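*Asks:* sequence? don't have it. structure:
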């Protein structure tokens with residue numbers, strides 16, 4: 001089942017930023033989605049934080065390998081082992097960062113004033129699911145390439161149904177302000193009568 005805006009819309013807008021107020025489908029709690037720009041830049045910051053952290057670990061591993069070469073260890077000369085180690089460290093690091101993201105929130109979430117929660121009830125992903133979400137998102141460039149290739153070859157497109165939403169933690173609703181009636185929804189409802 002798709003969670004289209006019409007299914008979660010409330011006819012209310014946030015008093016502080018004017019964006020639509022939506023309702024979690026199971027819990028009924030109200031929320032305001034983070035803006036597209038905040039979501040994008042928050043995820044860019046998350047990617048940068050992870051890549052910098054990974055580079056620091058990769059340099060530490062390279063220094064350890066160099067020290068092993070100087071001591072004459074045969075393992076230091078096994079390029080396949082070291083390449084596999086870098087790949088494993090990439091995915092383990094992503095999983096750990098995702099665990100933090102799924103429980104406490106990421107650096108990008110904090111900087112952008114948002115939080116990724118389940119649409120149905122407003123809870124976070126948790127450590128296990130958060131870790132796997134981060135690993136899956138690392139394949140996004142490949143997924144984007146495949147989606148474009150599918151569209152160019154006449155494919156049916158994407159059927160992915162998102163279950164999460166980035167909520168705005170800086171909205172008036174999140175700060176305790178009451179939402180107001182959407183002035184655009186009132187004329188539309190009167191025209192339909």
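*Replies:* Nice, I can see it. Keep in mind that what you see is a predicted model, and the values were worked out from it rather than measured.

*Asks:* OK, contacts around the residue nearest to residue 33 when sequence neighbours are not counted?
*Replies:* Nearest residue to residue 33 in three dimensions, chain neighbours excluded: residue 165, at 5.8 Å (CB to CB, 6 or more residues apart in numbering). For the C-beta atoms, the positions are set from N, CA and C on the backbone; glycine is no exception. Counting by CB atoms under 8 Å, 6 or more residues apart in numbering, residue 165 makes contact with 22, 31, 33, 116, 117, 118, 119.

*Asks:* make it 7 Å
*Replies:* For residue 165, the contact set (CB atoms under 7 Å, 6 or more residues apart in numbering) comprises 33, 117, 119.

*Asks:* Give the helix, strand or coil label for the second one.
*Replies:* Look at residue 117: counting by DSSP: H, G, I helix; E, B strand; the rest coil, its state is strand.

*Asks:* circling back to that earlier point, output the contacts of residue 165 in JSON lines, with distance to residue 15, pLDDT and neighbour count appended to each entry.
*Replies:* Shown next, in JSON lines, are the contacts of residue 165 (distance: CB to CB, whole Å; pLDDT from 0 to 100; neighbours: other CB atoms under 10 Å):
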{"residue": "33", "distance to residue 15": "16", "pLDDT": "90", "neighbour count": "21"}
{"residue": "117", "distance to residue 15": "21", "pLDDT": "91", "neighbour count": "19"}
{"residue": "119", "distance to residue 15": "23", "pLDDT": "88", "neighbour count": "21"}
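
*Asks:* Which one of these is nearest to residue 173?
*Replies:* Set against residue 173, the nearest of the contacts of residue 165 by CB to CB is residue 33 (10.9 Å).

*Asks:* Was I right to think the closest one contacts residue 167?
*Replies:* Yes: look at residue 33 against residue 167 with CB atoms under 7 Å: they come within range, at 6.5 Å.

*Asks:* Show me which residues of the helix or strand hosting residue 165 are buried.
*Replies:* Using DSSP states H and E, residue 165 sits within strand 164-168. Buried residues in strand 164-168, counting neighbours by 16 or more other CB atoms under 10 Å, are found at 165, 166, 167, 168.

*Asks:* what's the distance between the last one and residue 43?
*Replies:* Distance, residue 168 to residue 43, using CB to CB, to the nearest Å: 15 Å.

*Asks:* same deal with the third one?
*Replies:* In this view, residue 167 and residue 43 are 15 Å apart by CB to CB.

*Asks:* Okay, now the unreliable bits of this protein?
*Replies:* 1-7, 142-144, 146-161, 185-193 (pLDDT under 70).

*Asks:* The longest helix along the chain - contacts with which helices or strands?
*Replies:* In terms of residue count, the longest helix belonging to the chain (DSSP state H) is helix 36-70. If contacts are counted by 3 or more CB pairs under 7 Å, 6 or more residues apart in numbering; DSSP states H and E, helix 36-70 sits against helix 79-103, helix 107-112, strand 114-118.
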